[in-house]
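*Asks:* Give me a 3D structure for the following:
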Amino acid sequence: MKRILILLGPNLNMVGIREKGVYGTETAESIAEEITEFAVSNGFEAEVYQSNHEGDLIDKIHQSRLEFDGAVINAGALTHYSYALRDAVAAVSIPYVEVARGLRQAQLLFGHHRPEGADHMSEVFGGRLNALRGCLDRADDALLLTDEVNIGYFTGFFRSEGALLVTQSTASLLVDFRYFEAAQQKSRGVKVICFQRLGDSVAQLLSAESIVNVCVESAHMTVSRFDAFKKKLSESGISICADGKLDAHIADIRVIKDESEIAKIAAAQKIAEEAYLEMLNHLRVGVTERELAARLEFEMKMRGAEDVSFDLITITGKKTSLPHGVPSGARVEEGDFFTCDFGAVYEGYHSDTTRTVAVGSATEEMRRIYDIVLQAQLKALSAIRPGVICRDVDKTARDVIEQAGYGKYFGHSTGHGVGLVIHELPYVSSRSDTVLREGMVITDEPGIYLPDKFGVRIEDMLCVTKNGCHNFVNLPKELLIV
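*Replies:* Residues are numbered from 1 along each chain as shown. Sure thing, here's the model as predicted:
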């Protein structure tokens, strides 16, 4: 049996004790026990080791080359600063994986790297396709997906201009010649078909299975394309509908993230955080907003990001009162607030974080507004758990800001879902009746925006867990003055 070391650095013994709204209520001991049991059930033997002393961690790393087959390390407070730890890891020959939060992420890594390998991912996509079939009412119904993101979610193959056709017994991914070989290599659980004319191929496949009705995504198909499919399918006596039922069904499936998705979101977050910390080294008086945005994007892509999650927001001074301000040639000045809303994309999955820092100094008013937003953000964090209605989480944050007298300066929702799309269900707003469920990934991002003065927003990205939430973000939230 393979032996895996879970190595945890300073302060991680305080999980479940410190800032429960941020780190959750489960203790380090209970999570370590859960990881150990989870490892055994997946063909590993795991040992969890934690120390608050750098020398002890280095000794354990040296010993690991003789006792373990691989290791997962979360250096805690030493993550970004200890060259000695990095040198120790480099000196041993066994595989080491570094994560931002060792306890929960270690469990995710065991789930993501199980012995089944590619077969496991085939099971994952097969399960998703079976869940999709829950939208089929009759044996002679079919589902036709044309949205690239949805196709990728159910097959593992993105960047296709084709379609996914699903019946009770078959699943076919239709692509043109440009994507055929790549689709064969990357897709799971589907038969890949190279088409000449998409409408003709869809009609032939449906007729072969005696399908009489096909449902499409109403939110993603244009009227002209719908009419073209309708005309072609009617020739074979097949009707087509776009009543929104399929869209709602897909959204309900995608809103709960599985282990592989959570691991990818965590990886995207780690890339983004490391890039952000490097960008802060370049934040100084005189640098422009555009220069900082360019630096941040560069650092993300150098660390493995496929893309940025959205147009990066790197704004300074009075522009921070604009929730979605656009970087320009404006230069950072002494005493400015600087707001950075940023995210990376990793294997299709997005991250989303916002931090506001002060440059050189901060006035008493700036400090007071920052503290109000921070308290609102922490209150919302403490409210997030399964069974809670999204509007109640929004109200928890909004009440803090309103009671401080700044309610009219907080005009957007408290959060939103994140995944293959940067804004997806569920929405954490005053109008949302959605009940939080384990596996949902959401943001918590209240803000105060004072026109022509400054604004503050603090945003974390979280996964709803059995007893609360797991925070993907490993950045400090106390007011930072650079």
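
*Asks:* Pull the contacting residues for the nearest residue to Arg431 once chain neighbours are set aside.
*Replies:* Spatial nearest neighbour of Arg431, excluding adjacent residues (C-beta to C-beta, 6 or more residues apart in numbering): Arg391 at 6.7 Å. Where you see a C-beta, it was placed from the backbone N, CA and C, and this is true even at glycine. The neighbours of Arg391, taking C-beta atoms under 8 Å, 6 or more residues apart in numbering as the test, are Ser429, Ser430, Arg431, Ser432, Asp433.

*Asks:* Tell me how far the nearest residue in space to the fourth one that is not next to it in sequence lies from His416.
*Replies:* Excluding the flanking residues, the one nearest Ser432 by C-beta to C-beta, 6+ apart is Cys390, at 3.8 Å. Going from Cys390 to His416 by C-beta to C-beta, to the nearest Å gives 10 Å.

*Asks:* More neighbours: which of these two?
*Replies:* Neighbour comparison, Cys390 and His416: the larger count goes to Cys390, with 27 against 22 (by other C-beta atoms under 10 Å).

*Asks:* Just the local confidence number for the more buried one, please.
*Replies:* You'll see Cys390 listed with a pLDDT of 98.

*Asks:* which ones are touching it?
*Replies:* Pro426, Tyr427, Val428, Ser429, Ser432, Asp433, Thr434, Val435, Leu436.

*Asks:* what sits against the first one?
*Replies:* By that I understand Pro426. Pro426 makes contact with Val255, Cys390, His416, Gly417, Ser432, Thr434, Leu436, Met440, Ile442 under the criterion C-beta under 8 Å, 6+ apart.

*Asks:* hmm, back to that, filter the contacts of Cys390 to the buried ones?
*Replies:* Pro426, Tyr427, Val428, Ser429, Ser432, Thr434, Leu436 (16 or more other C-beta atoms under 10 Å).

*Asks:* Can you pull the domain assignment for the chain?
*Replies:* Following automatic domain parsing, one gets these domains for the chain: 2-115, 119-254, 259-471.

*Asks:* and these, which one is worst for confidence?
*Replies:* Looking at the domains of the chain, the lowest mean pLDDT belongs to domain 2-115 (a mean of 71).

*Asks:* all helices for the stretch 51-200 of the chain, in order.
*Replies:* Under the criterion DSSP state H, counting those that start in this stretch, helices of the stretch 51-200 of the chain are mapped to 54-67, 83-91, 102-112, 118-132, 148-155, 177-186, 198-208.

*Asks:* Which of those helices sits closest to Gly304?
*Replies:* Of all the helices of the stretch 51-200 of the chain, helix 102-112 sits nearest to Gly304, with 16.0 Å by C-beta to C-beta.

*Asks:* on that earlier part again, among the domains of the chain, which is the most enclosed?
*Replies:* domain 259-471 (a mean of 20; mean count of other C-beta atoms under 10 Å).

*Asks:* Point me to the helix or strand that includes Leu374.
*Replies:* For Leu374, the element it lies in under DSSP states H and E is helix 364-383.

*Asks:* With Ala267 instead?
*Replies:* Per DSSP H and E, Ala267 falls inside helix 259-280.

*Asks:* What residue, apart from its backbone neighbours, is nearest Val435 spatially?
*Replies:* Going by C-beta to C-beta, 6+ apart, Val435 has Ile389 as its nearest residue, at 5.7 Å.

*Asks:* from memory the one you found sits against Ser429, does it?
*Replies:* No. Taking contacts as C-beta atoms under 8 Å, Ile389 lies outside contact range of Ser429: 11.0 Å.

*Asks:* returning to that earlier point: mutual contacts of Cys390 and His416, please.
*Replies:* Common neighbours of Cys390 and His416 (C-beta under 8 Å, 6+ apart) are Pro426, Tyr427, Val428.

*Asks:* Off-centre distance for stretch 223-233?
*Replies:* Distance, stretch centre to chain centre, for stretch 223-233: 35 Å (C-alpha atoms, centre = their mean, to the nearest Å).

*Asks:* Send over that stretch as PDB, restricted to the C-alpha atoms.
*Replies:* Extracted in PDB, the C-alpha atoms of stretch 223-233 (Å, rounded to 0.1, in the frame of the first residue of the first chain):
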ATOM      1  CA  VAL A 223     -33.800  32.200 -33.000                       C
ATOM      2  CA  SER A 224     -32.300  31.700 -36.500                       C
ATOM      3  CA  ARG A 225     -30.500  28.500 -35.500                       C
ATOM      4  CA  PHE A 226     -33.600  27.200 -33.700                       C
ATOM      5  CA  ASP A 227     -35.600  27.800 -36.900                       C
ATOM      6  CA  ALA A 228     -33.000  26.000 -39.000                       C
ATOM      7  CA  PHE A 229     -33.100  22.900 -36.800                       C
ATOM      8  CA  LYS A 230     -36.900  23.100 -36.700                       C
ATOM      9  CA  LYS A 231     -37.100  23.100 -40.500                       C
ATOM     10  CA  LYS A 232     -34.600  20.300 -40.900                       C
ATOM     11  CA  LEU A 233     -36.000  18.000 -38.200                       C
END
